[in-house]
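Participant: pasting the sequence and the predicted coordinates here, then a few questions.
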Amino acid sequence: MMSGTPRLLTCTGVRKAFPKPDGGELLVLDGMNLEVDEGEIVGLLGRSGSGKSTLLRLIAGLTEPTAGELSYLGQPIYGPPPGIAMVFQSFALFPWLSVFENVALGLEAQRLPKAEIRQRSLAAIDLIGLDGFESAYPRELSGGMRQRVGFARALVVHPNILLMDEPFSALDVLTAETLRTDFLDLWSEGRMPIKGVVLVTHNIEEAVLMCDRILVFGSNPGRILSEIRVGLTQPRNRLDPSFRELVERIYVAMTARTEDHATAGRQERFPGLGIGSVLPPVSSNAQAGLIEAVAAPPFNGTADLPKIASDLQMEIDELFPVAETLQMMRFAELEGGDLKLTADGLAFAQADIDERKRVYRRHLLAYVPLAAHIRRVLDERASHAARKSRFIDELEDFMGEEDAEDTLRAVVHWGRYAEAFAYDDAHAVFNLENPA
């Protein structure tokens with residue numbers, strides 16, 4: 001950055017919390033510091049729920065921070081700045097408008113002359129490779145072509161900063177790869193009007209492929225765990241040892257043990273600190289499948305996460321929740337970019353169906369406090385039954401309504417598999433009718 005030139009973007013001490021019905025707050029982002037200079041692509045990498053998209057909306061001026069400051073070219077952000085545009089995960093096109101009309105919409109809102117609107121819109125459509133499709137409607141286009149329209153609509157206003165919220169995640173693998181390559185080619189050749197990019201992603205290889213700096217996010221609340229600079233020249237080769245080394249480094253950063261971070265209200269995060277732990281909706285089949293994959297050759301009980309993710313074709317939003325659940329249940333240890341099965345994890349992999357259920361039940365009741373709490377309540381009641389609302393009310397003292405529902409849904413599934421307790425969904429009642 002040249003001396004005296006204001007940064008494209010600065011976020012200082014940004015905090016974002018949403019009010020809860022009980023008068024408390026749900027803290028989504030805390031202590032967020034971010035700077036973007038001209039000529040760089042900055043990646044925000046983390047799992048769903050880590051506040052990446054929330055930060056993007058704060059930058060875009062679509063919502064206001066609870067605390068902290070955001071500035072664009074040295075000026076505070078109050079509402080959508082004219083020099084910032086966004087490409088969304090969903091294509092977000094108006095189906096009744098043609099490609100040309102969708103792209104021209106932002107310029108029409110600026111009340112520019114019709115001749116300029118036409119010239120700039122056609123130029124943007126040509127730039128992103130859709131020349132000839134100006135009169136087509138979204139229903140006539142493939143997913144990749146619709147996302148190209150989204151890029152053209154963002155670029156046509158000539159923004160200084162382009163915000164991209166997982167723009168390739170809704171596309172198939174080949175289409176996403178083509179669109180990434182085309183975008184990077186245009187960026188490297190200086191053919192786009194933008195000066196900086198902020199990319200939200202949960203795809204580690206995508207981040208290393210595209211970004212100059214990667215900010216690794218932690219969750220509950222969202223915060224930056226580490227910053228990783230990518231010194232590789234473009235175009236980048238996924239098979240390059242330096243590329244693979246960076247991917248491995250990011251996995252290590254995302255699995256590193258960190259000290260507890262103060263959160264809103266009394267919300268907790270596993271490993272199992274209490275019944276208020278927010279639990280992921282990971283099926284028993286997914287847990288068993290990952291245990292079996294890691295126990296089998298060539299891993300034989302210890303798997304490098306990038307390798308297992310590649311072999312199983314899983315992204316971090318799919319792999320990490322399963323791996324963390326196995327850690328919480330003490331079937332595995334997750335650290336340093338590796339997943340290592342415990343003795344009980346290896347025993348589970350070799351056991352028959354009935355023995356697996358017995359092992360799983362023992363671990364569920366020992367290491368998931370909510371499951372043990374439900375079983376204890378059912379054991380102590382003469383009816384051996386309790387309404388769902390009784391546990392939902394307790395969970396909502398610790399977390400939001402949606403998290404409480406997801407957490408209880410996860411425990412219901414695990415409890416059924418383990419035959420630790422039953423659940424009658426029609427009457428929303430837990431009972432001991434089926435368990436061993």
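Facilitator: Thanks, I have the structure now.
Participant: the helix ranked longest in the chain: which residues count as buried?
Facilitator: When the chain is parsed with DSSP state H, its longest helix is helix 401-418. Within helix 401-418, the residues scored as buried using 16 or more other CB atoms under 10 Å are 403-408, 410-415, 417-418. C-beta here means a position set from N, CA and C on the backbone, and glycine is covered the same way.
Participant: can you check stretch 341-357 too?
Facilitator: Those would be 341-342, 344-346, 348-349, 356-357, for stretch 341-357 by 16+ other CB under 10 Å.
Participant: need the buried residues of helix 401-418 in TSV with pLDDT and distance to P298, can you?
Facilitator: Below are the buried residues of helix 401-418 laid out as TSV (pLDDT from 0 to 100; distance: CB to CB, whole Å):
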residue	pLDDT	distance to P298
D403	81	38
A404	85	41
E405	89	40
D406	88	35
T407	89	35
L408	90	38
A410	91	31
V411	91	34
V412	91	36
H413	91	31
W414	92	30
G415	91	34
Y417	90	28
A418	90	30
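Participant: shaky segments in the stretch 201-350 of the chain?
Facilitator: The stretch 201-350 of the chain contains residues with pLDDT under 70 at 256-276.
Participant: what segments of it are helices?
Facilitator: 204-210, 241-255, 284-295, 305-312, 316-328, 343-350 (DSSP state H, counting those that start in this stretch).
Participant: nearest to G222, out of these?
Facilitator: helix 241-255 (13.5 Å; CB to CB).
Participant: C-alpha coordinates for that closest one, PDB please?
Facilitator: The C-alpha atoms that make up helix 241-255 are tabulated as PDB, following Å, rounded to 0.1, in the frame of the first residue of the first chain:
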ATOM      1  CA  PRO A 241       4.300 -29.800  -2.900                       C
ATOM      2  CA  SER A 242       4.200 -26.200  -1.800                       C
ATOM      3  CA  PHE A 243       0.400 -26.100  -2.500                       C
ATOM      4  CA  ARG A 244      -0.100 -29.400  -0.500                       C
ATOM      5  CA  GLU A 245       2.000 -28.000   2.300                       C
ATOM      6  CA  LEU A 246      -0.200 -25.000   2.600                       C
ATOM      7  CA  VAL A 247      -3.400 -27.100   2.600                       C
ATOM      8  CA  GLU A 248      -1.900 -29.200   5.400                       C
ATOM      9  CA  ARG A 249      -0.900 -26.100   7.400                       C
ATOM     10  CA  ILE A 250      -4.500 -24.900   7.200                       C
ATOM     11  CA  TYR A 251      -5.900 -28.200   8.400                       C
ATOM     12  CA  VAL A 252      -3.400 -28.100  11.300                       C
ATOM     13  CA  ALA A 253      -4.600 -24.500  12.200                       C
ATOM     14  CA  MET A 254      -8.200 -25.500  12.100                       C
ATOM     15  CA  THR A 255      -7.700 -28.500  14.300                       C
END
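Participant: angle of it against helix 316-328?
Facilitator: 50 degrees (axes from the mean of the first three to the mean of the last three CA atoms, to 10 degrees).
Participant: give me every residue that touches the closest residue to D240 other than its chain neighbours.
Facilitator: In space, and not counting its chain neighbours, D240 is closest to L232: 7.2 Å by CB to CB, 6 or more residues apart in numbering. By CB atoms under 8 Å, 6 or more residues apart in numbering, the residues touching L232 are 208, 240, 242-243, 246.
Participant: run the chain-centre distance for the longest helix of the chain.
Facilitator: 21 Å (CA atoms, centre = their mean, to the nearest Å).
Participant: same check, this time on stretch 122-137
Facilitator: 31 Å.
Participant: for it, the averaged confidence score.
Facilitator: Mean pLDDT, computed over stretch 122-137, is 84.
Participant: buried residues in it?
Facilitator: 122, 124-125, 127-130, 133-134, 137.
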